[in-house]
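Q: Quick one: sequence and predicted model below, then my questions.
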Amino acid sequence: MKVSKFGGSSVANGEQIRKVFNIIQSDKSRKIVVVSAPGKRFSDDVKTTDLLIALATSYLKNGEANQELEAVVDRYREIANQLELGEDIVNEIEADFIGRLALSEDAERFIDCIKAGGEDNNAKLIAHFFQSQGVAASYINPQDAGLLVSNEIGNAQVLQESYDNLYKLRDKEEVIVFPGFFGYSPEGNLVTFPRGGSDITGAILAAAIKADLYENFTDVDSVYSVNPTIVENPNEITELTYKEMRELSYAGFGVFHEEALAPAFRASIPVCVKNTNNPEARGTMIVAERKPNGKPVVGIASDNGFLNIYVEKYLMNREIGFGRKLLQILEEEGLSYEHTPSGIDSINVILRGNQLSEAKEEQLLDRIQTELQTDKVSIERNIALIMIVGEAMNKTIGVAAKAVAAIQNANVNIAMINQGSSEVSMMFGVKEVDVNKAVKSIYEAFFG
Ligand code: ASP
């Protein structure tokens, strides 16, 4: 049994949904279809989820949002027309959104509820289309199926009992069309996962029904070894491990939501990333373990927007509690840190830059300086992290040397190196302006 999840671009219009239908029809083991809300039809299109956020926000502000509502309903009308489904389903969808707008929830919950309507109505529409083609299919609501989550709006976490509840979906004869992106709290509140969260729904379902495979359909033939907007025609990855995928998605691989694979990972369910527009391509398998293929590096990722707090104090290594006090200041300032590479008399703390406003920056530096009596403390913004990933890297001599030489060849200064505790990655900090140059050069060194 397979769970097949289709992302926004795979269900953005009628033509795409016909492809989804053909994919499901071509393999009887594809029993559960998880769908996103209609995504972008062209590069500067707006995703339905964003239209819905605009709808909810405008309604909260003005008490009405007819234009925004029309824009949303039009997206579904277009799809229904392309699939020759008639007006009834469109009226049903419009009524659903009007019903959601009438809910008197607090603002955050209200927005969450409207947002989730994107996938919910798309799932209804797609199930309806399958039925119109003579296929036994049904839409299933996450509440009826028992997908229970914590009550954290926009950041729901699956609750353990969901797995037993959802296991029962195995008994259904028909194809199940399940909306991604949200579940229900035990008190009955609708709660969404973080953005991109339909991947999470798919992984939960795959784990719950003990699927043989979790297929994640998107619009690329495979996961690439490097961002294809930085390097033209990069190497396709045929197989990678969960750990490798986790490191790569942390550092900017947009293929998956970072947490998405956790449920599939814990249940050891293999994942296959495939292309809706080219389902014959074999895609990329993500597995618990893979055989070494002689290449130490599987992928190179990079992400912008970090900042580096540099703290220096003579004899820091002898001062008991220095690290704790430093991190405590960050905690008290509500800052979450990413990495802390250190030397004997210095420590770098890397954070996501958007957490710290310029105004708060002064205060933070001041506190570190006075409370820890440091010799030097500074902040550098616009840092990019480059992550070189591969499970076999640790056992291969010369990977670091090759990476450093490649960065040097690109004439880029390394602000920070962190190999640290991860066995599968090596990380370099460079200035954002230099990152693409460095990534290209590292790619050449390992894959060129
Ligand atoms: N539609 C939601 C989003 O755009 C969730 C998803 O597509 O996975 O974030």
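A: Nice, I can see it. Quick caveat, the model's predicted, so the values are computed rather than measured.

Q: need the strands for the stretch 51-200 of the chain, in chain order.
A: 137-139, 175-179, 182-184, 190-192 (DSSP state E, counting those that start in this stretch).

Q: Which residues outside the longest one are in contact with it?
A: Contacts with strand 175-179, where a contact means C-beta atoms under 8 Å, 6 or more residues apart in numbering, come from 24, 30-35, 116, 119-120, 122-124, 126-127, 130, 135-142, 145, 169, 198, 201, 205. For every residue, glycine as well, the C-beta is placed using N, CA and C.

Q: Rounded mean pLDDT for that strand, please.
A: Per-region confidence: strand 175-179 scores 98 on mean pLDDT.

Q: what lines up beside it in the sheet?
A: Here strand 175-179 is paired, per DSSP bridges, with strand 30-35 (parallel), strand 137-139 (parallel).

Q: nearest to the ligand, of these?
A: Closest to the ligand of the strands paired with strand 175-179, according to C-beta to the nearest ligand atom: strand 30-35, at 8.8 Å.

Q: would TSV of the strands paired with strand 175-179 with distance to residue 298 be doable?
A: Formatted as TSV, the strands paired with strand 175-179 follow (distance: least, C-beta to C-beta, whole Å):
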stretch	distance to residue 298
strand 30-35	27
strand 137-139	37
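
Q: out of these, which comes closest to residue 352?
A: Among these, strand 30-35 comes nearest to residue 352, with 29.0 Å by C-beta to C-beta.

Q: Export only the CA atoms of that closest one, formatted as PDB.
A: Extracted in PDB, the C-alpha atoms of strand 30-35 (Å, rounded to 0.1, in the frame of the first residue of the first chain):
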ATOM      1  CA  ARG A  30      -1.900   3.900  -4.500                       C
ATOM      2  CA  LYS A  31      -4.700   3.900  -2.000                       C
ATOM      3  CA  ILE A  32      -4.400   7.200  -0.100                       C
ATOM      4  CA  VAL A  33      -4.000  10.500  -1.900                       C
ATOM      5  CA  VAL A  34      -3.000  13.500   0.100                       C
ATOM      6  CA  VAL A  35      -3.400  16.800  -1.500                       C
END
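
Q: what residues does that strand touch?
A: Contacts of strand 30-35 (C-beta under 8 Å, 6+ apart): 1-6, 11, 20, 23-24, 119, 122-123, 126, 169, 172, 175-180, 198, 201-202, 205, 209, 211, 215.

Q: Not counting sequence-adjacent ones, nearest residue to residue 253?
A: Closest residue to residue 253 in three dimensions, ignoring its sequence neighbours and counting by C-beta to C-beta, 6 or more residues apart in numbering: residue 301, at 5.1 Å.

Q: meant to ask about residue 285, not that
A: Distances taken as C-beta to C-beta, 6+ apart place residue 239 nearest to residue 285, at 4.8 Å, with adjacent residues excluded.

Q: Counting neighbours, what do you get for the closest residue to residue 82 other than its chain neighbours?
A: Among residues not flanking residue 82 along the chain, residue 14 sits closest, at 2.4 Å (C-beta to C-beta, 6+ apart). Neighbours of residue 14 under the rule other C-beta atoms under 10 Å: 17.

Q: From residue 315, how far off is residue 14?
A: Distance of residue 14 to residue 315, given as C-beta to C-beta, to the nearest Å: 69 Å.

Q: what do you get for residue 367?
A: 21 Å.

Q: Then residue 411?
A: Distance from residue 411 to residue 315, counting by C-beta to C-beta: 36 Å.

Q: Same question for residue 158.
A: Look at residue 158 and residue 315: by C-beta to C-beta, they are 47 Å apart.

Q: Look up how far residue 121 lies from the closest residue in space to residue 94 that isn't next to it in sequence.
A: Nearest non-adjacent residue to residue 94, counting by C-beta to C-beta, 6+ apart: residue 73, 4.8 Å away. Counting by C-beta to C-beta, the gap from residue 73 to residue 121 is 9 Å.

Q: pLDDT score for the closest residue in space to residue 322 that isn't next to it in sequence?
A: Spatial nearest neighbour of residue 322, chain neighbours left out: residue 316 (5.6 Å); criterion: C-beta to C-beta, 6+ apart. If you check residue 316, the pLDDT there is 95.

Q: go on, residue 261?
A: pLDDT, read off for residue 261, is 86.

Q: Surely it touches residue 271?
A: Yes - using C-beta atoms under 8 Å, residue 261 is in contact with residue 271, at 6.3 Å.

Q: Residues that sit against both of those two, list them.
A: 203, 286.

Q: Tell me which stretches of the stretch 51-200 of the chain form helices.
A: For the stretch 51-200 of the chain, applying DSSP state H, counting those that start in this stretch gives helices covering 66-82, 87-101, 107-132, 142-145, 161-167, 198-208.

Q: Contacts only, for whichever residue of the stretch 201-350 of the chain sits closest to the ligand.
A: Closest contact between the stretch 201-350 of the chain and the ligand, by C-beta to the nearest ligand atom, is at residue 257 (7.0 Å). By C-beta under 8 Å, 6+ apart, the residues touching residue 257 are 193, 194, 195, 196, 197, 199, 200, 249.

Q: In three-state terms, label it for me.
A: Judged by DSSP: H, G, I helix; E, B strand; the rest coil, the three-state class of residue 257 is coil.

Q: got the residues of the stretch 1-150 of the chain near the ligand?
A: Contact residues, the stretch 1-150 of the chain versus the ligand (C-beta under 6 Å from any ligand atom): 8, 36, 37, 47, 49, 118.

Q: quick one: pLDDT of the second one?
A: Residue 36 is assigned a predicted lDDT (pLDDT) of 98.

Q: Determine the number of other residues adjacent to it.
A: Neighbour number of residue 36 under other C-beta under 10 Å is 30.

Q: and it, backbone torsions?
A: The phi/psi pair for residue 36 (degrees, to the nearest 10) reads phi -80, psi 180.

Q: Just the C-alphas of the strand or helix carrying residue 243, formatted as CSV.
A: Per DSSP states H and E, residue 243 falls inside helix 242-250. Output of helix 242-250 as CSV, limited to C-alpha atoms (Å, rounded to 0.1, in the frame of the first residue of the first chain):
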residue,chain,number,x,y,z
TYR,A,242,16.8,10.3,6.1
LYS,A,243,19.7,11.8,8.0
GLU,A,244,21.2,13.3,4.8
MET,A,245,17.8,14.6,3.7
ARG,A,246,17.3,16.2,7.1
GLU,A,247,20.6,18.0,6.9
LEU,A,248,20.0,19.2,3.4
SER,A,249,16.6,20.5,4.0
TYR,A,250,17.8,22.3,7.1
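
Q: Tell me the helices and strands packed up against it.
A: strand 284-287, strand 299-312, strand 376-389 (3 or more C-beta pairs under 8 Å, 6 or more residues apart in numbering; DSSP states H and E).

Q: Near the nearest residue to residue 154 once chain neighbours are set aside, how many other residues are there?
A: Once flanking residues are discounted, residue 154 sits nearest to residue 192: 5.6 Å by C-beta to C-beta, 6+ apart. Residue 192: 25 surrounding residues under other C-beta under 10 Å.
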